[in-house]
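**Q** Sequence and predicted structure are below.
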Amino acid sequence: MNILFITILLPYPIDCGAKYKTHQILMLLSKNNKIDYVSLIDDYNELVYSEKLKDYCQSYRIFFSPVINSRNKLLFIKLLLSIFHYKPFIVFKYYSKEMRQYVYEISQQKKFDLIYIDHINMAQYIPRDYLGKVIYDEHNISSIAFSVLSRNENNPLLKLIYYLESWKLRLFENLYLDRFDHIFTISKLDREKLLLENINPNKVSHLPVPFQAKNLYSYNVKNLNITFIGLLSWMPNLKGIIWFIVNVYPHIKRSIPSIRLRIVGKTGNELMKFLKRLADKNIIYEGFLMDLDKLYKKTSVVIIPIQEGGGIRIKLLDALSHGMPVVSTTLGAEGIPVTSGKDILIADDPHDFAEAVISIIKNKEIARRLSENGYQFVKKYYNEDNADKLLTKILKNL
């Protein structure tokens, strides 16, 4: 099959869950198909990583758009302007006239069998006169995610912006749902939510994100490291780790005074300001780490203290795939069919969350049981073979 793959950002370096997922799907698609790749980029310095696309794509084209960068000062202006625009902000901000023209021209020249839309934002680039097949790969149901943000926001202006975004996203999603010949969801839960929109169940499948499992965990009473991994420009991650530091960490520190909290992730400027005011030398912001193996080997427990958001937490699956014991909130584990007490520990109350972390650090039997069960869970349900078979089957039957 000749496939035009359209996504929001260059998936390299793999510094967040969304990029990991995109990379894995590109890798699987490239086995038996010819791929032409198109995306945006927000940092010229990352263009060097585009060479990696040659491993999977016969051609690639990347368009520069600094305004999509969360650190760009024009982004807030674009956010305010989006209030008066019919498009949702997360669609509006990823619009490039040059990219739209290129997609139209290349689709005319190559007559693709399939356009693969990675993230709902990219549906706006489907040419109006394109008659081939279209697959949409869902990372999260954005309208629901922004609805949750609106409910949890205290700032009246942001609450209104999030509400309008959720409303416009729902209209945008419904506009394109019928256009897609097949939809891959990131979880079975998201599949169930989409089926409430009266979509044909046969055109919606849960495509598990594949992982190459490698158990790096070993219990060590001297390993007093709690680890959090996440893109810190994504508000649910930032709010989640601050909630943990304020409400959970003090309780753990009273029980284990020498405990260390290691935080890994890009764009942590707001977090650094918060940590500077806190002045706790045992809370360490590592920034972005390309290789997490060394970190995992020193980790006692990985935390997922997420209070809002959608989709699934790739970082939870990644931790389990490396044998890490995990403590998560209910929402942090949403969409992943783990069993609390067997595969991971789930707690929403700050005291209960702290006690769960402490039990893993102090109890070798609990730690080892969670490590092995979580590791086997990912090997069974989130392996490359399962994802490859489903992807191949759907493409064959389009």
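**A** Received it, and whenever you're ready, just let me know what you need.

**Q** contacts, neighbours, all on C-alpha from now
**A** Noted.

**Q** Could you pull out the strands in the protein for me?
**A** Using DSSP state E, the strands of the chain run over 2-9, 34-41, 59-64, 114-118, 133-137, 182-185, 204-206, 225-229, 260-264, 283-287, 301-304, 326-328, 345-346.

**Q** contacts for the third one?
**A** By C-alpha atoms under 8 Å, 6 or more residues apart in numbering, the residues outside strand 59-64 that reach it are 10, 35-44, 53, 96, 98-99.

**Q** picking that back up, what's the closest of the strands of the chain to Glu384?
**A** Taking C-alpha to C-alpha, strand 204-206 is the member of the strands of the chain nearest to Glu384, at 13.9 Å.

**Q** Check which helices and strands that closest one is in contact with.
**A** For strand 204-206, the elements it packs on are strand 182-185, helix 188-195, judged by 3 or more C-alpha pairs under 8 Å, 6 or more residues apart in numbering; DSSP states H and E.

**Q** rank those by mean pLDDT and give me the bottom one.
**A** Mean pLDDT per stretch puts helix 188-195 lowest among the helices and strands packed on strand 204-206, at a mean of 91.

**Q** Pass me the low-pLDDT residue ranges in the protein, would you?
**A** Applying pLDDT under 70 to the chain picks out residues 66-76, 78-79, 311.

**Q** Pull up the distance across stretch 248-261, start to finish.
**A** 11 Å (C-alpha to C-alpha, to the nearest Å).

**Q** Report the buried residues of it.
**A** If you call a residue buried by 16 or more other C-alpha atoms under 10 Å, then stretch 248-261 has these buried ones: Val248, Tyr249, His251, Ile252, Ile259, Arg260, Leu261.

**Q** what's the distance between it and the middle of its chain?
**A** Stretch 248-261 sits 28 Å away from the centroid of its parent chain (C-alpha atoms, centre = their mean, to the nearest Å).

**Q** what do you get for stretch 242-262?
**A** Its chain's C-alpha centre and that of stretch 242-262 lie 26 Å apart, by C-alpha atoms, centre = their mean.

**Q** Quick one: residues in contact with that stretch.
**A** Contacts of stretch 242-262 with the rest of the structure, by C-alpha under 8 Å, 6+ apart, involve 224-228, 271, 282-286, 305, 350-351, 353-355, 357-358.

**Q** Buried members of these into ChimeraX, please.
**A** To isolate the buried ones among the contacts of stretch 242-262 in ChimeraX, judged by 16+ other C-alpha under 10 Å, type:
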select :224,225,226,227,228,271,283,285,305,350,353,354,355,357,358
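
**Q** just to revisit the earlier point, make CSV from the helices and strands packed on strand 204-206 and add distance to Asn386 and mean neighbour count to it.
**A** Listed next are the helices and strands packed on strand 204-206 as CSV, based on distance: least, C-alpha to C-alpha, whole Å; neighbours: other C-alpha atoms under 10 Å:
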stretch, distance to Asn386, mean neighbour count
strand 182-185, 14, 24
helix 188-195, 14, 17
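
**Q** Now tabulate the ones you listed in CSV and tack on distance to Ser371.
**A** Output for the helices and strands packed on strand 204-206, formatted as CSV (distance: least, C-alpha to C-alpha, whole Å):
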stretch, distance to Ser371
strand 182-185, 27
helix 188-195, 24
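
**Q** Out of the ones you listed, the one nearest Tyr176 is which?
**A** Of all the helices and strands packed on strand 204-206, it is strand 182-185 that lies closest to Tyr176, at 10.8 Å by C-alpha to C-alpha.

**Q** And that closest one, what does it pack against?
**A** On a contact count with 3+ C-alpha pairs under 8 Å, 6+ apart, strand 182-185 meets strand 133-137, strand 204-206.

**Q** picking up where we left off before, among the buried residues of stretch 248-261, which are located in helices?
**A** Mapping these onto helices (DSSP state H) picks out Tyr249, His251, Ile252.

**Q** nearest spatial neighbour of Thr22, skipping sequence neighbours?
**A** Among residues not flanking Thr22 along the chain, Pro11 sits closest, at 6.4 Å (C-alpha to C-alpha, 6 or more residues apart in numbering).

**Q** Glu334 too?
**A** Computed as C-alpha to C-alpha, 6+ apart, the closest residue to Glu334 that is not its neighbour in sequence is Ile312, at 6.3 Å.

**Q** which residues does Val134 bridge with?
**A** Val134 has these beta-bridge partners by DSSP bridges: Ile115.

**Q** Compute the number of surrounding residues for it.
**A** The number of residues packed near Val134 is 22, by other C-alpha atoms under 10 Å.

**Q** Kindly report the same for Lys396.
**A** Residues near Lys396, counting by other C-alpha under 10 Å, number 9.

**Q** List the buried residues of stretch 357-368.
**A** Buried, per 16+ other C-alpha under 10 Å, within stretch 357-368: Val357, Ile358, Ile360, Ile361, Lys362, Ile366, Ala367, Arg368.

**Q** That one spans what distance, first to last residue?
**A** In stretch 357-368, first residue to last residue: 14 Å (C-alpha to C-alpha).

**Q** How far away from the center of its chain is it?
**A** Offset of stretch 357-368 from its chain centre (C-alpha atoms, centre = their mean): 28 Å.

**Q** hmm, who's touching that stretch?
**A** Stretch 357-368 is contacted from outside by Ser218, Tyr219, Val221, Leu224, Ile252, Ser255, Ile256, Ser300, Val301, Pro325, Val327, using C-alpha under 8 Å, 6+ apart.

**Q** Show me which positions of stretch 380-389 end up buried.
**A** Tyr381, Tyr382, Asn383, Glu384, Ala387, Asp388.
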